[in-house]
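[1] Structure of the sequence below:
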Amino acid sequence: MRQEAGYELLEHTADVGVRARGGTLEELFEQATLGVAEVLGAWRPGAGRTVALTVEAADLGALLVDWLNEVLYLREVRYGSLGAVTVERVAAERATGSVALTSGEPSGGTYVKAATYHGLRVERSGGGWLAEVYLDV
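    Prediction:
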């Protein structure tokens, strides 16, 4: 049975967490990215400047952290919001895809410094994947 994709925000004393679910690793990374965009107040669905992303890391957890930190970096230096995210492929040590950055600063969100390794989980769950990642705010 295929797991339904989605994400939810997790409360933590000093940080904010994102719990993401996906039927595939690609869906999982997309949902985690959407969760981070919600925390930032930076989700503005629509067309924008598409920026290709490729990250490499030693394992799936590190790959997710590096992916999210790259998205945070791009959003910060390009002064925009997130209009779309597409994760094309996630393998053991590499993730590729793209984000569309739209004009307009985030509003009503929380500034996120980085995705962290604190409480990090990326694992098979039911018919899909589950991840938990905490954000340094």
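[2] Now for Arg124: which residues touch it?
    By CB atoms under 8 Å, 6 or more residues apart in numbering, the residues touching Arg124 are Leu130. Using the backbone N, CA and C atoms, a C-beta is placed for each residue, glycine as well.
[3] Name the next helix or strand downstream of whichever strand or helix holds it, please.
    Counting by DSSP states H and E, the element that carries Arg124 is strand 121-125. Where DSSP H and E defines the elements, the next helix or strand beyond strand 121-125 is strand 128-136.
[4] mean confidence score for that following strand?
    For strand 128-136, mean pLDDT is 94.
[5] picking up where we left off before, can you list the buried residues in the strand holding Arg124?
    Going by neighbour count (16 or more other CB atoms under 10 Å), the buried part of strand 121-125 is Val122.
[6] tell me the angle of that strand relative to strand 128-136?
    Angle, strand 121-125 to strand 128-136, by axes from the mean of the first three to the mean of the last three CA atoms, to 10 degrees: 160 degrees.
[7] Paired strands for strand 121-125, with orientation please.
    According to DSSP bridges, strand 121-125 has the following sheet partners: strand 128-136 (antiparallel).
[8] that older thread, can I get the strand holding Arg124 in PDB? Just the C-alpha atoms.
    C-alpha atoms of strand 121-125 as PDB (Å, rounded to 0.1, in the frame of the first residue of the first chain):
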ATOM      1  CA  ARG A 121      15.300  10.600  10.800                       C
ATOM      2  CA  VAL A 122      14.900   9.300   7.300                       C
ATOM      3  CA  GLU A 123      13.400   5.800   7.200                       C
ATOM      4  CA  ARG A 124      11.000   3.500   5.400                       C
ATOM      5  CA  SER A 125       7.500   3.600   6.900                       C
END
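[9] Please state the offset of that strand from the chain centre?
    15 Å (CA atoms, centre = their mean, to the nearest Å).
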